[in-house]
Each structure stands twice: as C-alpha cells, then as structure tokens.
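Undergrad: Dropping a prediction and its sequence here:
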Amino acid sequence: MYTVTVQRDFVAQHFLTVPNPGPEGDLHSHRYAAKVQLAGGELNEYGYLTDIDALNDRIDATVDRYRDATLNELPEFEGLNPSVEHFARLFGERFWEGLDAPEVESVTVKLREDDVAWASHEREV
C-alpha cells in the first residue's frame, strides 16, 4: 500500500453545543493541524499515487474555507456539534470533492485541535 500525506496548520473558532459543555461552550479558538493521507495499492503510469501539486492545491483550498472561521456559522455544521470528530469528516469530504486521483482507495484526515487531542476520519473512495 502506498500513502501520500499533506499537512497544514490553521486557526478556527467554535463553541460546543452539547448539554453542559463547560468552558468549551464559549466561543474559543484552536490552532488546528490537519494531516490528510491518501492510500492506494497501485501507482499511475508516472509512478505517482496522485499528483502532489493537486493535493497541495486541495489542502490549501480546504484550509482557506476554515481558516479564521467560526465553525458553528458554516452551513456544513448546521445541526451538528462542531466536535473535532465531525470536523475531521467534513474536512475530508471537502478535500476530496473534485480531486481526480483514480489510484487512491482511501482518504484519512487526522485533525489535531491542541497538544493532547486528535481525531481522525477515514473513508474509502
């Protein structure tokens, strides 16, 4: 299995909407680290799993969507608690949307919201 990974850091804000969230119920920022890993068993004719420039373009565009945003105000979070788990899935969906990478079999997003908390979401594509 081959893997290719790209990573970016960015800041976004949110507040949790669960019962009794404590201080996490107030608007606050996180310095997120998003690591996106694509995996597949075959390489294309040029020996690539996928075009790394296209991956860099996709992660930059995805980060641009969320950088300095309040997650609760974005349509994709409507009706959702903006947990790091939901955010990892939504980040991966936006990242993958429109990417032409026929050799890729799965996309995993690992999202760190601070020094001790990570969540990841993996999907087959």
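TA: Nice, thanks for sending it over.
Undergrad: Could you pull up the contacting residues of the residue sitting nearest the centre point of the chain?
TA: Nearest to the mean C-alpha position of the chain, by Cα atoms, centre = their mean, lies Phe91 at 3.2 Å. With contact set as Cβ atoms under 8 Å, 6 or more residues apart in numbering, Phe91 has these partners: 34, 36, 62, 66, 109, 111, 121. The way it works is simple: take the backbone N, C-alpha and C, and place the C-beta from them, glycine included.
Undergrad: Shouldn't it be within a helix?
TA: Yes. Phe91 forms part of a helix when assessed by DSSP: H, G, I helix; E, B strand; the rest coil.
Undergrad: Tell me the pLDDT of it.
TA: pLDDT for Phe91: 98.
Undergrad: Also Asp114?
TA: On the pLDDT scale, Asp114 gets 89.
Undergrad: For it, grab the count of nearby residues.
TA: Neighbourhood size, Asp114 [other Cβ atoms under 10 Å]: 11.
Undergrad: repeat for the one 3 residues further on
TA: Other residues within reach of Ala117, judged by other Cβ under 10 Å, total 10.
Undergrad: and the gap between it and Phe87?
TA: 11 Å (Cβ to Cβ, to the nearest Å).
Undergrad: Export the lengthiest helix in the chain to PDB, keeping only CA atoms.
TA: For the chain, the helix with the greatest residue count under DSSP state H is helix 52-66. Written as PDB, here are the backbone C-alpha positions of helix 52-66 (Å, rounded to 0.1, in the frame of the first residue of the first chain):
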ATOM      1  CA  ILE A  52       1.300  16.100  -5.100                       C
ATOM      2  CA  ASP A  53       0.700  19.600  -6.500                       C
ATOM      3  CA  ALA A  54      -3.000  18.800  -6.800                       C
ATOM      4  CA  LEU A  55      -3.000  17.700  -3.200                       C
ATOM      5  CA  ASN A  56      -1.300  20.900  -2.100                       C
ATOM      6  CA  ASP A  57      -3.900  22.900  -4.000                       C
ATOM      7  CA  ARG A  58      -6.800  20.900  -2.400                       C
ATOM      8  CA  ILE A  59      -5.500  21.200   1.100                       C
ATOM      9  CA  ASP A  60      -4.800  24.900   0.700                       C
ATOM     10  CA  ALA A  61      -8.400  25.400  -0.700                       C
ATOM     11  CA  THR A  62      -9.800  23.400   2.200                       C
ATOM     12  CA  VAL A  63      -7.900  25.300   4.800                       C
ATOM     13  CA  ASP A  64      -8.900  28.600   3.200                       C
ATOM     14  CA  ARG A  65     -12.600  27.500   3.800                       C
ATOM     15  CA  TYR A  66     -12.000  27.100   7.600                       C
END
